[in-house]
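A.B. asks: Structure, please.
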Amino acid sequence: MLRRYFATLAPGRIVLWCYLIWWACIVWRYFDPTPRLWCNALGLAAIVGLALRLSFGAPPRPGWPARWQTFRTFFTPFAVSSFAALIKGQGFVLVVPPRLDAALVPLAACTLFVAAVLLLKQQEKSHGTDDRVQAP
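C.D. replies: Residues are numbered from 1 along each chain as shown. Purely as a prediction, here's the structure:
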């Protein structure tokens, strides 16, 4: 099931996964255990996430938006605010760490992820083609 999920990812979702991978690599490298930083990030996530959720308007159908979309609506401001707090004063250029070794880790992780997804997509395509070719 997980394999099929990644094999059928749309380009936009691949980008979102790369954002998550980049964020996780930076958090791992520059982690700050200060509770205030994480509490502020959670507070901003609640405020901005709720505003974004309200901006969706009335649901056009039951169950809208999907649970993962709602999670992303709240997680994104959390990730942005925690990222900004972690990199403050670290010499980043936009989202890129100042040291090459620190920049290569998230870049390599994203590259490996995209390569794996493309490989899964290729396998999915070839299995689908093989099924059609084998049919009499």
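
A.B. asks: Could you list every helix and strand that the longest helix that the chain contains packs against?
C.D. replies: Assignment by DSSP state H gives helix 100-134 as the longest helix of the chain. Using 3 or more Cβ pairs under 8 Å, 6 or more residues apart in numbering; DSSP states H and E as the contact test, the elements touching helix 100-134 are helix 2-7, helix 11-30. For glycine as for every other residue, the C-beta is placed from the backbone atoms N, C-alpha and C.

A.B. asks: Can you name the element that comes right after the last one?
C.D. replies: On the C-terminal side of helix 11-30, the closest following helix or strand by DSSP states H and E is helix 35-55.

A.B. asks: So which bits of that next one are buried?
C.D. replies: Going by neighbour count (16 or more other Cβ atoms under 10 Å), the buried part of helix 35-55 is 37, 41-42, 44-45, 48-49.

A.B. asks: With stretch 92-108 instead?
C.D. replies: Buried, per 16+ other Cβ under 10 Å, within stretch 92-108: 92, 96-97, 102-103, 105-107.

A.B. asks: Would you format those as TSV with pLDDT included?
C.D. replies: Below are those laid out as TSV (pLDDT from 0 to 100):
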residue	pLDDT
F92	96
V96	95
P97	96
A102	93
A103	95
V105	96
P106	97
L107	97
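
A.B. asks: For L2, state which of these is nearest.
C.D. replies: Nearest to L2 out of these is P106 (Cβ to Cβ; 22.2 Å).

A.B. asks: Having no further points to raise, I will conclude here.
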